[in-house]
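Chemist: need a 3D model of the following:
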Amino acid sequence: MIALVAALLVAVIWYLRPLRTASDVDARASSGERAPIADAALTPGEPPAPIAAEPSERAPVPDPERSDAVGTDGIPLALARPDTRVIEGTLIVNDPDGRPLPAQSGSFSLVAWTGGRGWHHPVRIQSGAWQVVVTNASSVDAVSIENFECDNQVVTLSEPRERAPWPASNTLALRARAAHPSILTVVEAGSRVPLSGVTLVRDGEHSFTNVVHPGNPFGGDELGHDLASPIDIDALLVLVSRDRPLPVLVGAPGFAWKRVEIDLWTGGAREIALERGGELIVTAHGPVPNDAAELRLYEADPRLLVSAMPLVVGRAASFAGLAPGEYTLRAELGEWFSRPLVLAEARARIEVGVSSELVLALGAEPQIASAEVRGRVLVPDAWVTFAEMQLGVTLTRQDAVVPGLGSRQTGFARRAPTRRDGYTTFEWTLGEVPVGWYQLEISRPALSTLVEVRTGRTNEFELVAPAPIQLQVIAVDAATGLDIEDATVAWWLDGPRELHIETTTNSVAHPSGRGRLVEVPAAKITVSIVTDEHVPYEVGLDLGATAAPLAHVARLQRACGVVLSMQSGGADMPFPNRWHGWLDQPPDVGRVVAVRSDRFRFHITVDAPGRYAFEYPQLAGFRTVPTQHVDIPAGRFVEHVVQLERETP
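Modeler: Numbers count the residues shown, from 1 in each chain. The predicted structure is shown next:
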C-alpha cells in the first residue's frame, strides 16, 4: 500500500511539472513562381565534420558517472528518467573592451525544443560552469537560452543569441559581455545646469516617438522619481532586456517631458536637455462612459498622439510638463489608432509657466446591436497533448470596425465532455459581440473560419480540425544534390477562405537522419521551406488523396544576399524593433525575397545578383549612417559591417 501511494505521488509530481510552449513561428516567406514538385530519389550527402569544442578554463562540474552526482540545477543525476540527457557547459564573460572577467555565477533557463514546442529547465551557473538534466531528450532537436543573468554583474548574452541545434558533444559554451555603466544626465536646455527632482517612466506601451508625455498615473512603468543627475540607470532596472534600446520618458518640475532611448547594450554616459513647459488641467462632464474610455492629447494634427490617461468624469486631470504649442484634446473610446469613438473634442494652447484649464462636455455613447457568441472545437486526439487544457480563441472583425470597440476579441476554449469518439472537445463563449462578419480563429492547431454574428439568436459555431498524418520533407541543394541540414519547414492548409490553418512550424529531425518529420493535416496543404542560403520554396501537396505521399523531396535553388550588422568599439549593436533597411531598388536589380534577423544581424536574401542600396537605423547617441551600396555576387552572401561613430557631446 505504501509503495502504491509513493508511486501515485511520483506520477502527480511528474504531471504537474512546469511545461511551457513556444508560439508557432510564421516561416512563410514571399516568393515568385512555385518550384516544381521533386520526387526523384537522392543519394545522401556526406555528413558535415564535427565541430571541435573550444578549450576553456572552467570550474569542475559533477561527474555524471558517480551515483551521488548532482547537476547545478539541483537534480541528482542518478534520478534521471530513461528519456533524459545531461548537457553541460561554461560561461565566459568579457568586459566592454573584450577582456575576460573572473568566473561568474548566475542563472538562466535552458529551453529544449521539439519542433515548435519548448520545455524550460532552470539552470544555476556556479563559478563559470553549469550542468542540467534535460527531459523528453529523445525528441529534442534544438536548445535556446532565456532569462539569462549574472549575480553581481550587468551583462548581456552574446552567444548563443538564438535557437541552436543540440550540440553533438552535449556541451554548450555561453558567452556574455559586460556593458559600460549606463549614466543619464538631465540638464536645463541653455544653461546646461544638472536638474534634480527628475522622474523616469518606461514607455512600454507605445512605440511611436511622438508619445512624449506619460500621462497620469504612471503605474508600474515608473523607473524612479525625485532623482538627481547624474542618474545610474542600471540601478533602476530589474528584468529588463538589454539587447535593445530602452525608451524612457524624462520629466522634471516646470519642464516639458522628453523621450529618449537609452542604449543598454553598450552603456555609457548620455545627456538630455529639457525645455521649460506648461500645464493643461482638464475636467470632463456629462454621461459616464464605460471603463475603457480615455482622455487623449494629440498634437495639432489629431493623428499624432502625445499622451493618454483614463477618463474620469467630474475629476480634474493634469497634463503637467507639456511643451508650448497647439494641441487637440479628445475623450475617446476604443484603440486610438483604429477609428476610436470620439465622445468630446477641444483645442488647447500651452504656454511656458502657465496652467491652462479646459472643460469637456461628453456626448452619449451610441447603441450598437450585439448578440451572444459561443461554440465548440473538435480536435482529433492525435493533435492534442496530455497537458493541453485550453485553446486560444480570437474573433477578428471583417466588416468596418465599430467605432470604440476595436477589431479583435479574445478568449479561451476549455476542455469539455467528449462529443465524438476519437476527438477532444473544447467549448468557448465570448459573450455579447457586435453583429457582423468575423474571422474565428483557434490556436493549436491554428484553425479558422469565416462566421457571421446575427441578432435575435444565440450564435453557436462548431469547428472540426482535420486528422494529422506524418510527412517526411527532405530539402536538397539543386546544384550539389547534398542534403540541407538547416532547413526550416512550415505548412498551411489550402482551400477557400472559409477554412484554413495558419502557418505552422512543428517539424523534428526524421529518425532516418534525412530531412524533417512534420505532422500535418490529411488535406490539401502548402509546404514552405526556408534556409539561409536558398531561394524560399513553396509547393502544394494533396495529402487527403488515397495515395497521399508520405515523403517529399524539395530541390532548392542557391540564393544570394547580404548580412547587415553594426558595431561600436568592437561590440555588436542591436537593430531596433520593426526596422527594415532595404530600399526600392532600380528596375534592373532584383528584389528582396526573404529577411531573417536575430536583432544583431539582418540576413537579407535577394533573387538576383547586383548592386543594392540599404539604409541603417539612426541610433540615439550615434551619427547618421549614410546610405550603403553593396555589390551582391551570384550564389553568395556577403557580410556588410558598419562601424558606428558616437556623436560629439
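Chemist: the stretch 201-350 of the chain: strands as residue ranges?
Modeler: 222-227, 231-232, 246-251, 258-262, 268-274, 278-285, 294-299, 305-310, 317-322, 325-333, 341-350 (DSSP state E, counting those that start in this stretch).
Chemist: mind putting the ones you listed into JSON lines with mean pLDDT, distance to V111 and mean neighbour count?
Modeler: No exception for glycine: its C-beta is placed from N, CA and C like everyone else's. Formatted as JSON lines, the strands of the stretch 201-350 of the chain follow (pLDDT from 0 to 100; distance: least, CB to CB, whole Å; neighbours: other CB atoms under 10 Å):
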{"stretch": "strand 222-227", "mean pLDDT": "88", "distance to V111": "29", "mean neighbour count": "16"}
{"stretch": "strand 231-232", "mean pLDDT": "90", "distance to V111": "32", "mean neighbour count": "16"}
{"stretch": "strand 246-251", "mean pLDDT": "88", "distance to V111": "24", "mean neighbour count": "23"}
{"stretch": "strand 258-262", "mean pLDDT": "86", "distance to V111": "28", "mean neighbour count": "20"}
{"stretch": "strand 268-274", "mean pLDDT": "87", "distance to V111": "32", "mean neighbour count": "17"}
{"stretch": "strand 278-285", "mean pLDDT": "92", "distance to V111": "47", "mean neighbour count": "18"}
{"stretch": "strand 294-299", "mean pLDDT": "89", "distance to V111": "37", "mean neighbour count": "20"}
{"stretch": "strand 305-310", "mean pLDDT": "86", "distance to V111": "36", "mean neighbour count": "20"}
{"stretch": "strand 317-322", "mean pLDDT": "91", "distance to V111": "42", "mean neighbour count": "21"}
{"stretch": "strand 325-333", "mean pLDDT": "89", "distance to V111": "40", "mean neighbour count": "20"}
{"stretch": "strand 341-350", "mean pLDDT": "88", "distance to V111": "43", "mean neighbour count": "17"}
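Chemist: Y423: which of the ones you listed is closest?
Modeler: strand 325-333 (40.8 Å; CB to CB).
Chemist: quick one: strands adjacent to that closest one?
Modeler: Strand pairing for strand 325-333, using DSSP bridges, gives strand 294-299 (antiparallel), strand 341-350 (antiparallel).
Chemist: what's that strand in contact with?
Modeler: With CB atoms under 8 Å, 6 or more residues apart in numbering as the test, strand 325-333 has contacts from 280, 282, 284, 289-290, 292-302, 306, 311, 340-350, 358, 360, 362, 365, 403-405.
Chemist: got a list of what the closest residue in space to L246 that isn't next to it in sequence touches?
Modeler: Closest residue to L246 apart from its sequence neighbours, by CB to CB, 6 or more residues apart in numbering: I262 at 4.7 Å. By CB under 8 Å, 6+ apart, the contact list for I262 reads S182, L184, I233, P245, L246, V248, R270, A620.
Chemist: beta partners for S565?
Modeler: Under the criterion used (DSSP bridges), S565 bridges to R601, V641.
Chemist: please apply the same query to A613.
Modeler: Counting by DSSP bridges, A613 forms beta bridges with H629.
Chemist: for V595, same thing?
Modeler: So, taking DSSP bridges as the rule, V595 has I604 as bridge partners.
Chemist: isn't it up against F614?
Modeler: No. Counting by CB atoms under 8 Å, V595 stays clear of F614, with 11.5 Å between them.
Chemist: neighbour count: those two, which is higher?
Modeler: F614 (21 against 15; other CB atoms under 10 Å).
Chemist: correct me if wrong: the more buried one contacts V630.
Modeler: Yes. Here F614 reaches V630: they are 6.4 Å apart, a contact under CB under 8 Å.
Chemist: got any residues that touch both of these two?
Modeler: With CB under 8 Å, 6+ apart as the test, F614 and V630 both reach V562, H640.
Chemist: still on that earlier bit, N152: which of the strands of the stretch 201-350 of the chain is closest?
Modeler: Distance to N152, taken as CB to CB, is lowest for strand 231-232 among the strands of the stretch 201-350 of the chain, at 15.4 Å.
Chemist: show me what the closest one packs onto, helices and strands only.
Modeler: The helices and strands touching strand 231-232, judged by 3 or more CB pairs under 8 Å, 6 or more residues apart in numbering; DSSP states H and E, are strand 182-188.
Chemist: ok, G456 - how many residues close by?
Modeler: Look at G456: counted by other CB under 10 Å, it has 7 neighbours.
Chemist: ok, A467 next?
Modeler: For A467, the count of nearby residues is 16 (other CB under 10 Å).
Chemist: by mean pLDDT, which helix or strand of the chain comes out lowest?
Modeler: Ranked by mean pLDDT, DSSP states H and E, the weakest helix or strand in the chain is helix 2-15, scoring a mean of 39.
Chemist: right, and the helix or strand after that helix?
Modeler: Downstream of helix 2-15, the first helix or strand assigned by DSSP states H and E is strand 84-94.
Chemist: tell me which other helices or strands that next one touches.
Modeler: strand 129-135, strand 171-178.
Chemist: right, and L564 touches F602 too?
Modeler: Yes. Between L564 and F602 there is a contact under CB under 8 Å: 4.2 Å.
Chemist: ok, E427 - contacts?
Modeler: By CB under 8 Å, 6+ apart, the contact list for E427 reads R374, G375, R376, V377, A413, R414, A416.
Chemist: for it, what are phi and psi?
Modeler: Dihedral pair for E427: phi -120, psi 150, per degrees, to the nearest 10.
Chemist: pretty sure V520 contacts Q472?
Modeler: No. Using CB under 8 Å, V520 is not in contact with Q472; the gap is 10.9 Å.
Chemist: who has more neighbours, those two?
Modeler: Neighbour count, other CB under 10 Å: between V520 and Q472, V520 has more, with 24 against 18.
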